[in-house]
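>>> No sequence on hand, only this structure:
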Ligand SMILES: Cc1cc2nc3c(=O)[nH]c(=O)nc-3n(C[C@H](O)[C@H](O)[C@H](O)COP(=O)(O)OP(=O)(O)OC[C@H]3O[C@@H](n4cnc5c(N)ncnc54)[C@H](O)[C@@H]3O)c2cc1C
């Protein structure tokens with residue numbers, strides 16, 4: 001039985017010392033899917049030193065093995081104190097996948113470096129001709145002795161320019177069903193023949209990239225699962241990713257910004273905006289309860305394919321409404337161009353940030369599978 005008071009005082013004591021003002025500022029200024037990278041790295045090191053970097057992982061693999069309530073309390077304190085948002089695909093989705101599906105040698109090689117932050121991972125699934133229809137993946141991996149030779153391109157790869165490794169879905173066979181010819185590979189980003197080109201986002205930010213593979217050699221030992229069985233590995237990865245794609249804590253953070261904007265606007269704000277903020281707060285509390293009930297161990301089982309899609313759909317659509325409201329509350333200051341970030345007074349700076357956040361979160365109902373696709377998954381499961 002968790003002693004909540006003791007746990008909370010332990011967390012607060014840790015945050016008081018380790019969450020230094022520079023990190024709090026980076027957390028407050030977060031616009032995209034993660035905070036400033038220097039702050040992320042420093043915060044990751046501090047969490048790792050305390051044994052709290054991977055709340056859901058089993059202790060045997062260096063995780064904290066917290067239950068849902070413990071994670072909720074910890075996240076709530078982090079939001080209240082503006083902790084940075086980590087660039088943490090490795091911790092949130094690839095690590096749990098490797099724990100379930102990788103060989104012992106792969107676990108020993110990759111898991112510790114995910115925890116320390118030495119390895120940063122990006123996801124190479126989407127291609128110019130394969131997004132929602134992921135089975136259309138055409139990047140080819142030809143087997144040559146003890147390596148695959150990879151040719152093709154991946155697109156929209158978030159954080160590829162910040163990552164030293166990528167997990168990717170590649171085509172190894174053209175016969176039979178399209179899903180049966182795909183393989184899941186772990187690729188070093190500094191491999192000869194691999195090029196990363198930036199794609200700028202709506203907020204003028206650089207998060208996404210296109211990747212080109214020109215005869216990139218990948219050792220066969222970097223394959224997760226069997227050759228041509230990458231579809232089932234990727235499906236599981238997507239379940240893990242969607243179940244924590246937009247944790248309630250992330251939405252709570254944006255709601256906090258919206259409330260601050262409201263306070264700053266004072267009496268001048270249109271009353272209906274206050275009502276909408278309260279209504280969204282109530283919806284967010286319901287989402288928190290859904291999360292608490294759905295993810296007791298932090299990871300979804302393979303049997304409930306609906307649940308990750310429900311969490312992803314609910315979380316991202318709610319988040320969009322919250323950041324849209326924050327932009328509306330900022331009113332004319334939000335209309336101040338993105339270039340106003342960091343200049344000319346607190347209202348203009350906050351307004352410009354609110355608008356940039358609104359733009360950035362538009363993508364949340366597209367990445368990790370668009371909302372229409374999540375609805376298809378849910379409907380198929382419920383109606384079958
Ligand atoms: C900011 C951002 C970051 C991303 N990061 C990554 C990443 O790190 N790694 C990665 O691999 N990918 C990433 N993606 C790609 C993302 O997963 C795809 O954009 C997404 O799967 C949609 O694919 P698409 O863009 O090809 O659109 P399409 O598949 O062409 O879809 C276009 C529209 O048609 C709808 N549609 C398509 N098929 C159906 C259907 N059967 N039923 C109903 N509606 C349908 C879609 O919902 C969408 O609204 C990212 C995308 C964005 C925008």
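Sure thing, it's come through. Small disclaimer: the values here were computed from a predicted structure and weren't measured.

>>> What is the burial count for the residue of the stretch 201-350 of the chain found nearest the ligand?
Residue of the stretch 201-350 of the chain nearest the ligand, by CB to the nearest ligand atom: residue 208 (5.1 Å). Just so you know, the C-beta spots here come from the backbone N, C-alpha and C atoms, and that holds for glycine as well. Number of residues near residue 208 (other CB atoms under 10 Å) recorded here: 21.

>>> And the residue in the stretch 51-200 of the chain that the ligand sits nearest to, how far from residue 235?
Minimum separation of the stretch 51-200 of the chain from the ligand (CB to the nearest ligand atom) falls at residue 131, amounting to 1.9 Å. Distance, residue 131 to residue 235, using CB to CB, to the nearest Å: 16 Å.

>>> The ligand contacts on the chain?
122-126, 131-132, 156-158, 208, 363, 366-370, 372-373, 376 (CB under 6 Å from any ligand atom).

>>> now residue 236, nearest residue through space, not along the chain?
The shortest distance from residue 236 to any non-neighbouring residue, by CB to CB, 6 or more residues apart in numbering, is to residue 97 (6.1 Å).

>>> So which elements touch the helix or strand that the one you found is a member of?
Taking DSSP states H and E as the criterion, residue 97 maps to helix 95-101. Counting contacts by 3 or more CB pairs under 8 Å, 6 or more residues apart in numbering; DSSP states H and E, helix 95-101 packs against helix 104-116, strand 223-224, helix 230-243.

>>> Would you format the ones you listed as a markdown table with mean neighbour count included?
Below are the helices and strands packed on helix 95-101 laid out as a markdown table (neighbours: other CB atoms under 10 Å):
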| stretch | mean neighbour count |
| --- | --- |
| helix 104-116 | 16 |
| strand 223-224 | 23 |
| helix 230-243 | 22 |
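
>>> would you list these in TSV and tack on mean pLDDT?
Shown next, in TSV, are these (pLDDT from 0 to 100):
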stretch	mean pLDDT
helix 104-116	98
strand 223-224	98
helix 230-243	95
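
>>> Next, format those as JSON lines and append distance to residue 11.
Output for the helices and strands packed on helix 95-101, formatted as JSON lines (distance: least, CB to CB, whole Å):
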{"stretch": "helix 104-116", "distance to residue 11": "19"}
{"stretch": "strand 223-224", "distance to residue 11": "34"}
{"stretch": "helix 230-243", "distance to residue 11": "23"}
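
>>> Which of those sits closest to residue 179?
helix 230-243 (4.2 Å; CB to CB).

>>> quick one: buried residues of the following helix or strand past the closest one?
Per DSSP H and E, the first helix or strand lying C-terminal to helix 230-243 is helix 248-265. The neighbour-count check on helix 248-265 (16 or more other CB atoms under 10 Å) flags 248-259, 261-262, 264-265 as buried.

>>> So which other helices or strands are in contact with helix 248-265?
By 3+ CB pairs under 8 Å, 6+ apart, helix 248-265 packs against helix 68-80, helix 271-294, helix 306-335, helix 346-362.

>>> I'd like the mean pLDDT over that helix, please.
Helix 248-265 shows a mean pLDDT of 92.

>>> just the angle between it and helix 68-80, please?
Put simply, helix 248-265 runs at 30 degrees to helix 68-80, going by axes from the mean of the first three to the mean of the last three CA atoms, to 10 degrees.

>>> Pull the residues that contact helix 248-265.
27, 30, 75-76, 78-79, 82, 85, 269, 273-274, 277, 280-281, 284, 287-288, 291, 315, 318-319, 322-323, 325-326, 329-331, 346-347, 350-351, 353-354, 357, 361 (CB atoms under 8 Å, 6 or more residues apart in numbering).

>>> okay, the angle between the helix or strand hosting residue 17 and helix 68-80?
Here residue 17, judged by DSSP H and E, is contained in helix 4-18. Helix 4-18 and helix 68-80 are oriented at 40 degrees to each other (the same axes, to 10 degrees).
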